[in-house]
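# Predicted coordinates and the sequence they were generated for:
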Protein chains: 2
Amino acid sequence: MINYKLLTNCPIFKGINEIELKSLINQIHYQVRIHKKNDVVAIAGDPVKNLYIILSGSVKGEMIDYSGKTIKIEDIDAPRPLATAFLFGKENTFPVTVTASNDVEILSIPVGEFLNLLQKNKHILKNYINNISSRSQFLSRKLQFLSFKTIKGKMAHYLLQQAGTHLHSVELNTTQQQLAELFGVTRPSLARVLAEMQDEKLITIERKTVRLLDKGELGKIIHHG
Amino acid sequence: MINYKLLTNCPIFKGINEIELKSLINQIHYQVRIHKKNDVVAIAGDPVKNLYIILSGSVKGEMIDYSGKTIKIEDIDAPRPLATAFLFGKENTFPVTVTASNDVEILSIPVGEFLNLLQKNKHILKNYINNISSRSQFLSRKLQFLSFKTIKGKMAHYLLQQAGTHLHSVELNTTQQQLAELFGVTRPSLARVLAEMQDEKLITIERKTVRLLDKGELGKIIHHG
DNA sequence: CTGAAAATGTATCAGATGTTACAAAATGAT
DNA sequence: ATCATTTTGTAACATCTGATACATTTTCAG
């Protein structure tokens, strides 16, 4: 039995009331699948032919590296949808292996049926498109950040972003170690770069306060180290 | 005047014939905007409130290329759409500044009208969703590669992924240059690593065929160079 | 088949970052 | 205030990658 009230909280069905949703769902074909704790729901590489929405319980996405170790990527719990970005497009396969963290019920709507839903209801259409668009934008920003090759570039970008347009100083509320991890570099390397940036009169650091001495020059650095 | 025949080649309108398309377009509100060469069409940060499709001419966007390094000029010419990933979602702003490479005509469809189109025509709906989904998948894949620190790690991951569980050889249907761009590294660096991996008896390369000699060892390499 | 263009192999050098190690300084609990 | 712990500064060296250049091989159109 589907808990429609819970389902109205699913991002895909936002803005639709319980009665309306029930009527919509009953117009289409769907299945509800039940998996026990630790069952494998989908294996990385499996084709994605349905929209999956967690009705109860939660699942986790894991990548299995080639040494056999599993690395957890993310947890998804009710009433969130699964792999929405892989239902369409060129590569309709699960990017990760999905296993049940505990007993789960999963609503499974075939892609063709879901397309009908999208055409029938403008809320669902907008929600779904917003969902995958936001994901795309998120990835785009993340990629932009990683695309700064040098530590100096990452640091310049970080400082300018923190400072915004007006401020000329930034309070670091993290240790160098944490910042180094955010950038994916080692702590001594980050410290060295910070020292260099001070030598070059780009910034001064006092305790946790970083003063930006030359925002223009910092901006230039971003893209070429 | 809109060249509908050309417009049927737009990815968004694929699968729709000229007559049908003309009828669809005439059911909605739209504008055709004309820009002279070197005019600024949109500034990075401007809100995206319309779907823009180049009808004639071409525009260029300054953006950070996904393979990594610096600012690169992306050209978009007729009849391709513009900034499709930013029409919906949380951040509806141009990610780049767009300028006219030569005199251009741009079809401009308000987002509300475009939503109507999506609901009216299943081809357009599928095309558009496929378009943004593919983009999302592309970005996702890029990010995955960037998460491996060394080129050898990226290459090992790529080969094992291509080969899957059973195969012991992989056909490269890309050039080294394309592969290097996918990894965000330079072509000579990639070639050097490939040579090293052959020296180390991990793989052999003959033409476009790569034989994986030691999948276990390749797996170990992934996460520590 | 042939010649131009594209793709690949290789080398050298410079620069950026990781690794490791240790000392100095700051922090925080008592 | 004091001492243990955490954080930061710095150094020497190894390694990886980028940049650049050029020769060689492969591909493909004519």
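It's in.
# Would you tell me which residues of chain A are close to DNA strand D?
Residues of chain A found near DNA strand D (Cβ under 7 Å from any atom of the strand) are A:175-177, A:187-188, A:191-192, A:194-195, A:205, A:208. Where C-beta positions appear, they are placed from N, C-alpha and C, glycine not excepted.
# the domain parsing of chain A - what is it?
A:4-146, A:151-223 (automatic domain parsing).
# hmm, back to that, now cross-check the residues of chain A next to DNA strand D against DNA strand C and list the overlap.
Answer for the residues of chain A next to DNA strand D near DNA strand C (Cβ under 7 Å from any atom of the strand): A:188, A:192, A:208.
# Distance of the nearest residue to the last one once chain neighbours are set aside relative to A:Ala191?
Which is A:Lys208. With Cβ to Cβ, 6 or more residues apart in numbering or on different chains as the measure, A:Leu172 is the residue that lies nearest to A:Lys208, at 4.7 Å, once sequence neighbours are left out. A:Leu172 sits at a distance of 13 Å from A:Ala191 (criterion: Cβ to Cβ, to the nearest Å).
# Distance from stretch A:100-112 to the middle of the chain?
20 Å (Cα atoms, centre = their mean, to the nearest Å).
# Could you do stretch A:156-172 as well?
24 Å.
# Show which residues not belonging to it make contact with it.
Identification of contacts with stretch A:156-172 by Cβ atoms under 8 Å, 6 or more residues apart in numbering or on different chains yields A:145, A:148, A:179, A:183, A:202-203, A:208-212, A:215, A:218-219, A:221-222.
# Which of these sits closest to B:Lys120?
Comparing the contacts of stretch A:156-172 against B:Lys120 with Cβ to Cβ places A:Phe145 closest, at 39.0 Å.
# sorry, back to before: looking at the domains of chain A, which is buried most?
domain A:4-146 (a mean of 17; mean count of other Cβ atoms under 10 Å in any protein chain shown).
# ok, that one near DNA strand C or not?
No - Domain A:4-146 does not reach DNA strand C (Cβ under 7 Å from any atom of the strand); its nearest approach is 12.2 Å.
# Tell me the secondary structure of A:Ala156, please.
Following DSSP: H, G, I helix; E, B strand; the rest coil, we place A:Ala156 in the helix state.
# From A:Ile109, how far off is A:Gly15?
Taking Cβ to Cβ, one finds A:Gly15 at 18 Å from A:Ile109.
# ah, wrong one, I meant A:Asp199
60 Å.
# and if you look at A:Lys215?
50 Å.
# any chance you could map the helices in chain A?
A:4-7, A:18-26, A:111-120, A:122-146, A:151-163, A:176-183, A:187-199, A:215-221 (DSSP state H).
# What mean pLDDT does stretch A:4-16 get?
Mean pLDDT, computed over stretch A:4-16, is 89.
# Give me the outermost residue of chain A relative to its centroid.
A:Asp199 (37.4 Å; Cα atoms, centre = their mean).
# Name all residues that make contact with it.
Applying Cβ under 8 Å, 6+ apart, no residues qualify as near A:Asp199.
# Let me know whether stretch A:21-35 sits next to chain B.
No - judged by Cβ under 8 Å from any Cβ of the partner chain, stretch A:21-35 makes no contact with chain B; its nearest approach is 14.2 Å.
# What's the mean pLDDT across that stretch?
Stretch A:21-35 comes out at a mean pLDDT of 92.
# Give me the contact list for that stretch.
A:2, A:4, A:7-8, A:13, A:16, A:41, A:55, A:100, A:103-110, A:113-114, A:116-117, A:120-121, A:124.
# I'd say A:Pro47 and A:Glu91 touch.
No - with contact defined as Cβ atoms under 8 Å, A:Pro47 does not reach A:Glu91; the gap is 9.8 Å.
# Show the model's pLDDT score for A:Leu51.
pLDDT, A:Leu51: 93.
# From A:Gln137, how far off is it?
21 Å.
# ok, back up a step: pLDDT-wise, what's the bottom of the contacts of stretch A:156-172?
For the contacts of stretch A:156-172, the pLDDT minimum is A:Phe145, 66.
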